[in-house]
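Chemist: Sequence and computational prediction follow.
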Amino acid sequence: MLTETLDYLHKRKDSNKKFTFEIIIVNDGSKDHTLEIAHKYCKLEGSDTLRVISLDRNRGKGAAVRIGMLSARGRILLFVDADGATQFSDIEKLEEALASSVANRWNGGMAVICGSRAHLEEQALAKRHPLRNLLMYGFKLFVWLVCVRGVRDTQCGFKLFSRPAARLLFHNLHVDRWAFDVDLLYLARHFDMNIVEIPVHWQEIPGSKLVPIFSWIQMAKDLLMIRLRYSLGAWKIDPVYT
């Protein structure tokens, strides 16, 4: 995944001298060789191009993404899962949609562009275990009922943000684990940001970290907490963040 990403970004930089990029790898307390591999790439690329943030304990995917995004220096910010399930060059399609969204909205240039696997749904259904399909439909219905409507794929780990949108959303993010994407989109709706879904190339990667029953129950609890705690004012939303 990282080699493919760096090859793509260096080719863009070679063809456009004004193009700049940085990569931030957040190690969420993993005990495997992730940190060792990340530091090897950092030495090869230099710390201005590739930075590594290592958390001393596992804090959850949402927390890791939040820390990385709030540390980023770019004009546009992408978070992407490290498993390589999404074709990285699809960022160009998301960039085009972001430029169009920002140009057509009078909201301080705030927009969220979501990579989407919804167009692959029929193919995925045929390959997945029936129980996993049932859980997936239940989750989508629950998201629609209690949190976010109008987004077919809330969970794809390939989302692009304008800098003002990223700073505001991740500053207010409360969910630290798997349902953090829904929290982000709930906040984006609250701030009346433009949310656009763009189809991306995606492939199922063996060895998913999600344990079906336990994880879906935890995500359902998180969805309820998102709706209840924002509605009751237990989770505050700061309207200004730079």
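Modeler: Received, thanks. Numbers count the residues shown, from 1 in each chain.

Chemist: Now do the helices for the protein: every range, in order, please.
Modeler: 2-15, 34-45, 61-71, 91-103, 121-127, 130-146, 163-172, 180-190, 212-232 (DSSP state H).

Chemist: Okay, buried residues for the third one please.
Modeler: Yep, that's helix 61-71 we're talking about. 61-69 (16 or more other C-beta atoms under 10 Å). Where C-beta positions appear, they are placed from N, C-alpha and C, glycine not excepted.

Chemist: ok, and what's touching it?
Modeler: 24-26, 28, 51, 53, 55, 77, 79, 161, 166-167, 170-171, 173, 175-180, 183 (C-beta atoms under 8 Å, 6 or more residues apart in numbering).

Chemist: ditto for the second one
Modeler: Helix 34-45 is contacted from outside by 2, 6, 23, 25, 27, 50-52, 54, using C-beta under 8 Å, 6+ apart.

Chemist: now it: how far from the chain's centre is it?
Modeler: The chain centroid and the centroid of helix 34-45 are separated by 22 Å, computed with C-alpha atoms, centre = their mean, to the nearest Å.

Chemist: angle of it against helix 2-15?
Modeler: Angle between the axes of helix 34-45 and helix 2-15 is 20 degrees (criterion: axes from the mean of the first three to the mean of the last three C-alpha atoms, to 10 degrees).

Chemist: Just the CA trace of helix 34-45, in CSV.
Modeler: The C-alpha trace of helix 34-45 is given here as CSV (Å, rounded to 0.1, in the frame of the first residue of the first chain):
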residue,chain,number,x,y,z
THR,A,34,4.1,-1.6,11.7
LEU,A,35,6.2,0.9,13.5
GLU,A,36,9.5,-0.6,12.3
ILE,A,37,8.3,-0.5,8.7
ALA,A,38,7.0,3.0,9.0
HIS,A,39,10.3,4.3,10.3
LYS,A,40,12.2,2.6,7.4
TYR,A,41,10.0,4.5,5.0
CYS,A,42,10.5,7.7,7.0
LYS,A,43,14.3,7.4,6.7
LEU,A,44,14.0,6.9,2.9
GLU,A,45,11.6,9.8,2.3
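
Chemist: So for that helix, mean pLDDT?
Modeler: Average pLDDT, helix 34-45: 94.

Chemist: Likewise for the third one?
Modeler: For helix 61-71, mean pLDDT rounds to 97.

Chemist: Tell me which of the helices of the chain approaches residue 196 most closely.
Modeler: Closest of the helices of the chain to residue 196 is helix 91-103, at 4.9 Å (criterion: C-beta to C-beta).

Chemist: Show me what that closest one packs onto, helices and strands only.
Modeler: In terms of contacts (3 or more C-beta pairs under 8 Å, 6 or more residues apart in numbering; DSSP states H and E), helix 91-103 is packed against strand 76-80, strand 111-116, strand 158-162, strand 194-199.
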